[in-house]
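[1] Here is a sequence together with a model predicted from it:
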Amino acid sequence: MSFNLKAGDEVLVIAGKDKGKKGKVVQAFPKLNRVVVDGVNITKRHLKSRKGGEKGQAISFAMPIHASNVQPVGAGGKPVRHTKAVKN
């Protein structure tokens, strides 16, 4: 199966906890068949303090999701089957 998504593409999440959300592809990992979508699959990582007396912090960021769980969105705002049909 070919990997037709690239950074900047608009996609719709069709499966998982964020089903129904739309966002732009921030990063694509073709060898892993995964993409990072802005605002989807947000995870928190807790960081320890580096210096004494400094507080630790929790950072939220988007984790990659499998490319089969997203569908490209066409020019009309509706999902399409193939990115070749998307005219930007």
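    Structure's in. What do you need? Predicted, not measured: the structure shown is a model, and the values here were computed from it.

[2] Now do the strand ranked longest in the chain: everything it contacts.
    Secondary structure of the chain per DSSP state E: the longest strand is strand 22-29. Outside strand 22-29, the residues within contact range by CB atoms under 8 Å, 6 or more residues apart in numbering are 3, 5-13, 34-40, 62, 64, 70, 73. Where you see a C-beta, it was placed from the backbone N, CA and C, and this is true even at glycine.

[3] 10 Å instead?
    By CB atoms under 10 Å, 6 or more residues apart in numbering, the surrounding residues in contact with strand 22-29 are 3-13, 34-41, 62, 64, 67, 70-73, 77, 79.

[4] So what's the gap between that strand and the chain middle?
    4 Å (CA atoms, centre = their mean, to the nearest Å).

[5] which is the next helix or strand following that strand?
    Once the chain leaves strand 22-29, the next helix or strand it forms, by DSSP states H and E, is strand 34-37.

[6] Val73: what's it in contact with?
    9-12, 22-24, 79-80, 83, 86.

[7] repeat that with 7 Å
    Listed by CB atoms under 7 Å, 6 or more residues apart in numbering, the contact set of Val73 reads 10-12, 22, 79.

[8] swap in Glu10?
    22, 24, 73.

[9] Quote the end-to-end distance of stretch 8-25.
    5 Å (CA to CA, to the nearest Å).

[10] Identify the residues contacting the residue nearest the centre of the chain.
    Ranked by distance to the mean C-alpha position of the chain (CA atoms, centre = their mean), the top residue is Val37 at 1.6 Å. Residues in contact with Val37 (CB under 7 Å, 6+ apart) are 11, 13, 23, 25-26, 62, 65, 70.
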